[in-house]
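In: Okay, here's the prediction I keep looking at, along with the sequence it came from:
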Amino acid sequence: MAILGNSARPVAWTARVLACALSMSAAVKAAPEGAPSPERTKARSLFAQGEKLLKAGDAQGAQHAFEEAYRTMPNAVVLLKVADCQSKQGDVQGAVASLEKYLAERANAPGRASVEERVAEMRRTPGTVTLKSTPAGASIWVDGQDSALVTPSDVEVPPGEHRFTLKLPPYQSAERSAVIDFGSRATIELTLASPPPPPPPPAEGLPNTTAPPEADHSGGRSLAAPFWIAVGATAAGAAVTTVFGVIALNKHSQFERTPTNQLADDGERAATISDVALGVAAAGAVTATVLFFTAPRGEAHTASFGVTPMVGARSGGLVGNARF
């Protein structure tokens with residue numbers, strides 16, 4: 001969309017409405033038979049005053065006189081003069097309203113086509129939008145195009161809906177849409193939000209305390225509670241086997257040096273407990289192994305579990321090894 005630049009709007013009637021003006025003057029100045037009414041006399045006086053002021057360049061005073069003449073004795077032709085004054089003052093919307101009222105009140109008006117063409121032309125008059133921003137100096141974009149202007153500035157746009165965007169780095173851009181009527185004036189003020197503050201730099205001389213992210217192993221095997229119970233039983237059995245195995249060996253050594261019934265009973269009891277615990281550890285290891293390899297998989301991971309027997313000079317047992 002092209003941004004319309006400032007241009008002088010037409011303010012004078014063309015020769016096409018000259019016939020209407022002449023007809024208007026003849027209608028006002030023509031005297032009927034007999035003495036004119038006071039209203040007619042006043043309307044003629046106000047009309048003459050309006051013409052004099054208009055020739056002198058006082059469009060505002062002339063408009064007031066013409067409007068008063070119309071109110072005193074309504075005559076649709078006077079509305080042409082009112083529209084002329086409004087056009088000279090830049091009141092395009094007022095002029096269109098006066099001309100359309102003229103056409104409505106005078107259906108068989110001479111030069112009607114010229115007046116209608118004039119109305120259509122005035123309805124295409126651009127609207128003026130004053131763009132302001134806080135802070136000032138923001139570039140003005142209209143419907144996605146740079147207008148090459150900065151705030152505060154006036155921008156002329158064709159009638160219709162438009163999108164106005166203000167940009168001023170490092171501030172955040174601001175945007176607003178508005179419907180602009182023909183020949184209208186509007187003001188749009190926008191506040192540009194400040195950019196977020198940068199993060200503070202790390203204090204000099206202090207180590208970076210940010211912990212590295214931990215590895216996520218949640219995609220491996222989904223191990224339920226029975227597996228961990230079996231692992232615990234394996235570990236406990238291995239520990240009891242080792243402890244009571246050592247005790248049994250010590251009792252056996254003492255029995256060889258000093259044979260007594262008490263040492264024999266204690267050694268047998270310790271050996272029995274060690275054997276039972278070894279069986280528990282072995283059963284737990286087997287159960288844990290089965291549960292581990294039958295557990296559902298997530299992401300592929302290398303996993304293993306094994307049990308290794310351990311036998312020493314004075315001890316024995318099982319060692320479990322799991323890798324996840």
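Out: In hand now; what should we look at? Numbering: from 1, shown residues only.

In: Tell me how many other residues surround residue 259.
Out: Using other CB atoms under 10 Å, residue 259 has 9 other residues around it. All C-beta atoms are positioned from the backbone trio N, CA, C, and that covers glycine.

In: Would you mind giving the domain segments of this protein?
Out: Following automatic domain parsing, the chain resolves into domains at 15-122, 127-191, 225-323.

In: Any idea which of those gets closest to residue 201?
Out: Counting by CB to CB, residue 201 lies closest to domain 127-191 out of these; the figure is 18.4 Å.

In: Just the terminal-to-terminal distance for that closest one.
Out: 23 Å (CA to CA, to the nearest Å).

In: where's it relative to the chain centroid, distance-wise?
Out: 19 Å (CA atoms, centre = their mean, to the nearest Å).

In: Let me know the secondary structure of residue 129.
Out: Under DSSP: H, G, I helix; E, B strand; the rest coil, residue 129 falls in the strand class.

In: can you give me the offset of the host helix or strand of residue 236 from its chain's centre?
Out: Element membership for residue 236 (DSSP states H and E) is helix 225-257. Distance, stretch centre to chain centre, for helix 225-257: 69 Å (CA atoms, centre = their mean).

In: how about a markdown table for the domains of the chain, with mean pLDDT and distance to residue 200 added?
Out: Below are the domains of the chain laid out as a markdown table (pLDDT from 0 to 100; distance: least, CB to CB, whole Å):
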| stretch | mean pLDDT | distance to residue 200 |
| --- | --- | --- |
| domain 15-122 | 84 | 55 |
| domain 127-191 | 96 | 18 |
| domain 225-323 | 72 | 38 |
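
In: And those: which comes nearest residue 202?
Out: Comparing the domains of the chain by CB to CB, domain 127-191 comes nearest, at 22.9 Å.

In: For residue 190, give its distance to residue 136.
Out: Distance of residue 190 to residue 136, given as CB to CB, to the nearest Å: 11 Å.

In: Any buried residues in stretch 254-272, and which?
Out: By 16 or more other CB atoms under 10 Å, the buried positions in stretch 254-272 come out as 254-255, 263, 266-267, 270-271.

In: can you put the residues you listed in TSV and add secondary structure and distance to residue 163?
Out: Listed next are these as TSV, based on DSSP: H, G, I helix; E, B strand; the rest coil; distance: CB to CB, whole Å:
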residue	secondary structure	distance to residue 163
254	helix	99
255	helix	102
263	helix	101
266	helix	96
267	helix	97
270	helix	91
271	helix	92
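
In: farthest-separated two in those residues?
Out: Greatest spacing in the buried residues of stretch 254-272, by CB to CB: 254 and 271 (13.7 Å).

In: picking up where we left off before, so can I have a markdown table of the domains of the chain showing distance to residue 202?
Out: What follows is the domains of the chain, written out as a markdown table (distance: least, CB to CB, whole Å):
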| stretch | distance to residue 202 |
| --- | --- |
| domain 15-122 | 62 |
| domain 127-191 | 23 |
| domain 225-323 | 35 |
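
In: re the thing from before, counting by contacts, list what the helix holding residue 236 packs against.
Out: helix 261-294, strand 316-323 (3 or more CB pairs under 8 Å, 6 or more residues apart in numbering; DSSP states H and E).

In: so the longest one versus helix 225-257, what angle?
Out: Interaxial angle of helix 261-294 relative to helix 225-257 (axes from the mean of the first three to the mean of the last three CA atoms, to 10 degrees): 160 degrees.

In: For helix 261-294, name the packing helices and strands.
Out: The contact analysis (3+ CB pairs under 8 Å, 6+ apart) places helix 261-294 against helix 225-257, strand 304-311, strand 316-323.

In: I'd like to know how far residue 43 sits from residue 231.
Out: Taking CB to CB, one finds residue 43 at 112 Å from residue 231.

In: Just the buried positions in stretch 233-248, please.
Out: Judged by neighbour count using 16+ other CB under 10 Å, the buried positions of stretch 233-248 are 233-235, 237-238, 240-248.
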